[in-house]
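based on what follows, work out the 3D shape:
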Amino acid sequence: MKKLITLTIGIIFTLIPLTEITAQSKVAHINTQELISEMPEVISAQKELKKLEEQYAKELESSVKEFQTKAQTYAGDAQNQTELINQQRQSELEGMQQRIQEFRDTASQELQKRSAEMMKPLYDKARSAIEKVASAQGFDYVLDSSNGGSVIMASGKDLSAEVKKELGF
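The predicted structure is shown next:
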């Protein structure tokens, strides 16, 4: 009888750690880059951005052609003009170059800004859906499996307070 009680207690103490293991956090993963790239709203936003980029490219191309035409005209006619007119033309061409560069920089910044404005709500929508599905399925953590990904959702125990206490602050 003593052996049976000892055996039963041994089995109980063996099974207790197994129940601890099953009580651990549930973890899932998702490739957010892939998910977001397949969202219909993202695809339409990318098309709109591409149209805007093409519009800027056409305008830039037109300005560059105008600059090249004037530069060729001025170069061909330089010998027939006075030094003062040639200097004015040179200044005009330098001003055109500067405006072209400014336009290029502004267009690039505008595209980045517009992209951020369009994509942020879509990223937020995807994150919200991930959190909703993860919570419904009982996951405590969701990891982003895309390149450079991070933790998307963390509802498990936070050890910060205990670690700070251990470190003495």
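
looks like D140 contacts S25 (just checking).
Yes - using Cβ atoms under 8 Å, D140 makes contact with S25 at a distance of 3.9 Å. For glycine as for every other residue, the C-beta is placed from the backbone atoms N, C-alpha and C.

pLDDT value on V142, please?
pLDDT, V142: 90.

sheet-wise, list the partners of the strand or helix carrying it with their directions.
Per DSSP states H and E, V142 falls inside strand 141-144. Paired neighbours of strand 141-144 in the sheet (DSSP bridges): strand 27-30 (parallel), strand 151-154 (antiparallel).

what's next to that strand, contact-wise?
Strand 141-144 is contacted from outside by 25-32, 130-131, 134, 149-156, using Cβ atoms under 8 Å, 6 or more residues apart in numbering.

separate out the buried members of these.
Buried members of these, counted by 16 or more other Cβ atoms under 10 Å: 28, 30, 32, 130, 134, 152-153.

can you add pLDDT and give these back as TSV?
Putting these into TSV (pLDDT from 0 to 100) gives the following:
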residue	pLDDT
A28	89
I30	90
T32	89
I130	90
A134	89
I152	82
M153	77
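
just put these in TSV and tack on distance to Q72.
Below are those laid out as TSV (distance: Cβ to Cβ, whole Å):
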residue	distance to Q72
A28	63
I30	57
T32	51
I130	57
A134	63
I152	57
M153	61
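
what's the closest of these to E59?
T32 (34.7 Å; Cβ to Cβ).

with adjacent residues omitted, what lies nearest to that closest one?
Computed as Cβ to Cβ, 6 or more residues apart in numbering, the closest residue to T32 that is not its neighbour in sequence is D144, at 4.9 Å.

hey, what's that neighbour bridged with?
On the basis of DSSP bridges, D144 is bridged to I30.

ok, it - how many residues close by?
Other residues lying near D144 total 19 when counted by other Cβ atoms under 10 Å.

got a pLDDT number for T14?
T14 is assigned a pLDDT of 62 by the prediction.

phi, psi of L159?
Backbone torsions of L159, given as degrees, to the nearest 10, read phi -90, psi 10.

any chance of the strands paired with strand 141-144 in a markdown table, with distance to L122 too?
Formatted as a markdown table, the strands paired with strand 141-144 follow (distance: least, Cβ to Cβ, whole Å):
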| stretch | distance to L122 |
| --- | --- |
| strand 27-30 | 15 |
| strand 151-154 | 15 |
